[in-house]
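what's the 3D shape of this:
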Amino acid sequence: MNIFVMMKRTFDTEEKIIIIDGKVSEDGATFIINPYDEYAIEEALKLREAHGGTVTVVTSGDEDAEKELRTALAMGADKAVLINDENVEEGDQYTTATLLATYLKDKNADIILVGNVSVDGGTGQVGPRLAEELGISAVTMVTKLTVDGIKVTIDRDLEGDLEIVETSLPLLVTCQQGLNEPRYPSLPGIMKAKKKPLETYDLDDLDLDEEDVQAKINSVELFLPPVKKAGKVLKGDLNQQVNELILLLRTEAKVI
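Numbers count the residues shown, from 1 in each chain. Sure thing, here's the model as predicted:
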């Protein structure tokens, strides 16, 4: 089975976001594999263990993303690919999907696994856009995946409900929390990762110009959400608290 995972390098979820001159500052920030992409990597490894084949992890970004690719290799992926987008001045989800689709168009992927969303942008667009570019089916928010030959049975999380889908390969799925428990890189895995292939492509290698991947979205403003005010603790007996709550809801919250 020819298995591909699309991975993104994101801020550590514990990082404090700082905005300087309308851009998120990366100075001193810690980066990790996007947590939802870890579910995609783990599921790809489980598919390879069950059906054989190879797992290739692909990302678009700058050279710094090699660290996260090596982590994916240490988890057990067979090879990694970095699509260097340093020459792209401004990119968006269209940019990323176009770069990935151009690389994948002749790779005969059986299944492509993508994180449901990234913890930075959170748009959930890259997976479906990529499937559309490649002309294959896409199923999102996957919490269970069973492959039998070319038949695929999928459980989808619908925010408290469950949908069961039957489809066939080739296929792209976006992976949701609950699909599996991602493994940690082992020491032998880390040592082996140093010798596994990591290929790098740029726009010229993909026969693309900057105009081909120009962003379709223009960011007008970027800002942090307002700081939440401290909550109020109501005092007194129950009747006093109820009366004060009603007063606050009427005069401050203005909801009644």
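
The residue nearest to residue 124 when sequence neighbours are not counted: neighbour count?
Spatially, and ignoring its direct neighbours in sequence, residue 124 is nearest to residue 117 (4.4 Å; Cβ to Cβ, 6 or more residues apart in numbering). Heads up, the C-betas are built off the backbone N, CA and C, glycines and all. Other residues lying near residue 117 total 22 when counted by other Cβ atoms under 10 Å.

Verify the contact between residue 117 and residue 126 for me.
No: assessed by Cβ atoms under 8 Å, residue 117 is found out of contact with residue 126, at 9.2 Å.

show me what contacts the nearest residue to residue 224 once chain neighbours are set aside?
Leaving aside its sequence neighbours, residue 224 sits nearest to residue 19 (Cβ to Cβ, 6+ apart; 6.1 Å). Listed by Cβ atoms under 8 Å, 6 or more residues apart in numbering, the contact partners of residue 19 are 25, 222, 223, 224.

Quick check on those: which are buried?
Among the contacts of residue 19, none scores as buried (criterion: 16 or more other Cβ atoms under 10 Å).

the domain parsing of this structure - what is it?
The chain resolves into domains spanning 2-213, 226-256 when parsed by automatic domain parsing.

Lowest average pLDDT across those?
Looking at those, the lowest mean pLDDT belongs to domain 226-256 (a mean of 88).

buried set for that one?
Result for domain 226-256 [16+ other Cβ under 10 Å]: no buried residues.

could you dump the contacts of residue 19 to CSV with distance to residue 207 and secondary structure?
Converted to CSV, the contacts of residue 19 look like this (distance: Cβ to Cβ, whole Å; DSSP: H, G, I helix; E, B strand; the rest coil):
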residue, distance to residue 207, secondary structure
25, 34, coil
222, 33, coil
223, 38, coil
224, 40, coil
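
Looking at those residues, which is nearest residue 84?
Taking Cβ to Cβ as the measure, residue 84 lies nearest residue 25 of the contacts of residue 19, at 22.2 Å.

check contacts around the closest one.
Going by Cβ under 8 Å, 6+ apart, residue 25 touches 18, 19.

I'd like the distance between it and residue 15.
Per Cβ to Cβ, to the nearest Å, residue 25 is found 10 Å from residue 15.

circling back to that earlier point, what residues are bridge-paired with the residue nearest to residue 224?
With DSSP bridges as the criterion, residue 19 is bridged to residue 24.

So residue 37 belongs to a helix, correct?
Yes: under DSSP: H, G, I helix; E, B strand; the rest coil, residue 37 sits within a helix.

mind listing the strands for the protein?
2-6, 9-11, 19-20, 23-24, 31-33, 54-61, 79-84, 111-115, 137-148, 151-157, 162-168, 171-175, 198-201 (DSSP state E).
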